[in-house]
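> structure for this input, please:
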Amino acid sequence: MRPESALIIALEERLQIIADRAWYARDAVGHLAALQSVSERISSLSLALPAPVDPQLRHFLERSSFDKALAHLRSATSQQAV
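Model (predicted):
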């Protein structure tokens, strides 16, 4: 799997965890642990991206603008498929 694809999956998982309000209400500690785990994976995957990393993507990742990073990666991936 390409590093960009793995990063997209982790960023999408992060959104799913955040959106799961029932999980948070039922088990806030477990919810936070899952969010921390996926955040650590996002950081690791960000560091594993092959150079040169797109400057805009790097900016989003360094500032934890993960929704913007996901949109940027999705856009880049869809353009490559064309």
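
> rest of the way, CA atoms for contacts and neighbours
OK.

> could you check how far the residue lying farthest from the centre of the chain is from Asp20?
In the chain, the greatest distance from the average C-alpha position (Cα atoms, centre = their mean) is reached by Arg26, at 24.2 Å. Going from Arg26 to Asp20 by Cα to Cα, to the nearest Å gives 10 Å.

> so Leu7 sits right up against Ile42, yeah?
Yes. Shown here, Leu7 and Ile42 form a contact pair, counting by Cα atoms under 8 Å, at 6.3 Å.

> look at the residue nearest the centre of the chain and give its secondary structure.
Nearest residue to the geometric centre of the chain (Cα atoms, centre = their mean): Leu11, 2.3 Å. Under DSSP: H, G, I helix; E, B strand; the rest coil, the three-state class of Leu11 is helix.

> show me where the protein has helices.
3-19, 21-26, 28-47, 55-62, 66-81 (DSSP state H).

> buried residues in the lowest-mean-pLDDT helix or strand in the chain?
When each helix and strand of the chain is scored by mean pLDDT, DSSP states H and E, helix 66-81 comes last, with a mean of 87. By neighbour count with 16 or more other Cα atoms under 10 Å, helix 66-81 contains the buried residues Phe66, Ala69, Leu70, His72, Leu73.

> grab the nearest non-local neighbour of Phe60.
Ala69 (5.4 Å; Cα to Cα, 6 or more residues apart in numbering).
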